[in-house]
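Colleague: Please find the sequence and the predicted model below.
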Amino acid sequence: MTIETHFLRGNGRVPNSRLPLLLYRKVIRGTPPEMERLLRDNGWPPDWHSAFGMYPKHHFHSDTHELIAVTRGALVGRFGGHDGIRVTMEMGDIVVIPAGVGHFGEAVTEDLRLTGAFPSGYAIHDFRLCDTDEYARMVERSQAVPIPAFDPIYGAGGPLTELWTTRPAGNA
């Protein structure tokens with residue numbers, strides 16, 4: 001298993017995070033229902049499914065971390081805002097997006113299927129389109145979102161909790 005970490009700095013429009021974006025490569029094993037059961041068991045209940053990809057405009061959520069799993073096909077996404085990183089995700093990949101990190105979908109394959117999840121007790125109530133007038137407030141709000149108690153794949157003591165609590169933090 002490979003986990004890529006990407007620290008994304010705030011840019012005056014997108015807060016991004018002091019926590020790294022986590023990209024788990026080829027981590028999904030088994031069928032989508034088995035993966036969903038694993039997510040539920042680890043405190044990340046699936047919340048949405050899509051064949052269209054990520055929202056096609058730069059946006060972020062200041063009130064929750066988000067997980068996106070590619071269960072079929074592939075997508076190209078951009079994380080961190082207009083000046084962020086471009087990532088290709090394929091079947092079996094999962095990205096965990098810290099609160100405040102910008103993301104949008106650039107391209108998808110026709111056979112794409114995604115599953116989205118949030119830590120237990122959280123959901124998107126705050127969908128932001130990167131307004132410069134609210135930047136400072138959104139940085140503060142997104143930094144206040146607690147670190148989940150469980151890694152979505154490996155549970156308690158898994159890589160997410162370790163990487164988000166023991167590694168040096170990037171600058172938001």
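Modeller: That came through fine. Here the structure is a predicted model, which is why all the values come from computation and not from measurement.

Colleague: Which parts of the protein are strands?
Modeller: 2-6, 21-25, 46-50, 60-61, 66-72, 74-79, 85-90, 94-97, 103-108, 113-117, 127-128 (DSSP state E).

Colleague: Surely residue 62 touches residue 100?
Modeller: Yes: contact status for residue 62 versus residue 100: in contact at 5.8 Å, counting by CB atoms under 8 Å. Bear in mind the C-beta positions are built from the backbone N, C-alpha and C, glycine included.

Colleague: Spit out the residues that contact these two alike.
Modeller: Residues touching both residue 62 and residue 100 (CB atoms under 8 Å, 6 or more residues apart in numbering) are 15, 138, 141, 142, 145.

Colleague: Which residues are in contact with the last one?
Modeller: Which is residue 145. Listed by CB under 8 Å, 6+ apart, the contact set of residue 145 reads 62, 63, 64, 65, 98, 99, 100, 122.

Colleague: please redo it, this time with the cut-off set to 6 Å
Modeller: residue 99 (CB atoms under 6 Å, 6 or more residues apart in numbering).

Colleague: Need the outlier residue of the chain, farthest from its centre.
Modeller: Distance from the centre of the chain peaks at residue 133, with 24.0 Å (CA atoms, centre = their mean).

Colleague: Now stretch 58-74: buried residues?
Modeller: Going by neighbour count (16 or more other CB atoms under 10 Å), the buried part of stretch 58-74 is 58-71, 73-74.

Colleague: least trustworthy helix or strand in this protein by mean pLDDT?
Modeller: Using mean pLDDT, DSSP states H and E, the weakest-scoring helix or strand in the chain turns out to be strand 127-128, at a mean of 70.

Colleague: Just the closest of the shared contacts of residue 62 and residue 100 to residue 6, please.
Modeller: The nearest member of the shared contacts of residue 62 and residue 100 to residue 6, counting by CB to CB, is residue 15 at 15.0 Å.

Colleague: How many neighbouring residues does that closest one have?
Modeller: Neighbourhood size, residue 15 [other CB atoms under 10 Å]: 31.

Colleague: May I have the residues that are in contact with it?
Modeller: Applying CB under 6 Å, 6+ apart, the residues contacting residue 15 are 100, 138, 139, 142, 172.

Colleague: let's see 7 Å
Modeller: 60, 100, 135, 138, 139, 142, 172 (CB atoms under 7 Å, 6 or more residues apart in numbering).

Colleague: Just the ones of these in helices?
Modeller: Of these, the ones assigned to helices by DSSP state H are 135, 138, 139, 142.
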